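Chemist: Just to be clear, the model below is a prediction. Sequence and coordinates:
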Amino acid sequence: MAHFADKSSGWKDAKKRTQILEKWAPEFSEQDALELHEWSKTFVGYLRASTDHRGVAKHPLTDGAIRNIPAYIRAAIRYAHQAGRLETDQTARMVIPGVNNERHHYPQRRGMLEIARACGDREVRAAIRIAFTRACAAARSCPPR
């Protein structure tokens, strides 16, 4: 990919990106850049599936992990379009799952106190209490005492 050859020297995660794209290359190497919508739906479905193409069990990926793979492919296609190697950029039609990072468990004062009590060092206990109080104040969601 020209995108990697030209840009990867400036990426902190170039090795990881290369490994990810090499792992999934058989899934997209023969893909036409003009039919990305249907392909991306199929590809994301495959990544979420619990079996591979041969019917062998595999671990389905989370949406956070899935999101990175098409995003790397999209970046390479956009680069090819900007470099003049593709006439049209169809990446806007790609299906890339959203990620819900919303926290469902909120720390409570009782839990903080249990952690602080379990710590033997007085200064560390104080640091735990201060950090919890400041985090609550910053979020404006301090639980009642």
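Modeler: Done, it's in.
Chemist: tell me the SS of the most centrally placed residue in the chain?
Modeler: Centroid-nearest residue in the chain: residue 64, 3.5 Å away (criterion: CA atoms, centre = their mean). Here residue 64 takes the helix state, with states given by DSSP: H, G, I helix; E, B strand; the rest coil.
Chemist: out of everything not next to it in sequence, what's closest to it?
Modeler: residue 99 (4.8 Å; CB to CB, 6 or more residues apart in numbering). C-beta here means a position set from N, CA and C on the backbone, and glycine is covered the same way.
Chemist: before we move on, what SS does residue 18 have?
Modeler: Following three-state DSSP, the label given to residue 18 is helix.
Chemist: how far away is the most far-flung residue of the chain relative to its centre from residue 116?
Modeler: Within the chain, residue 122 marks the point farthest from the mean C-alpha position, 38.5 Å out by CA atoms, centre = their mean. From residue 122 across to residue 116, the span is 10 Å (CB to CB, to the nearest Å).
Chemist: quick one on the thing from earlier: distance of the residue nearest to the centre of the chain from residue 75?
Modeler: 17 Å.
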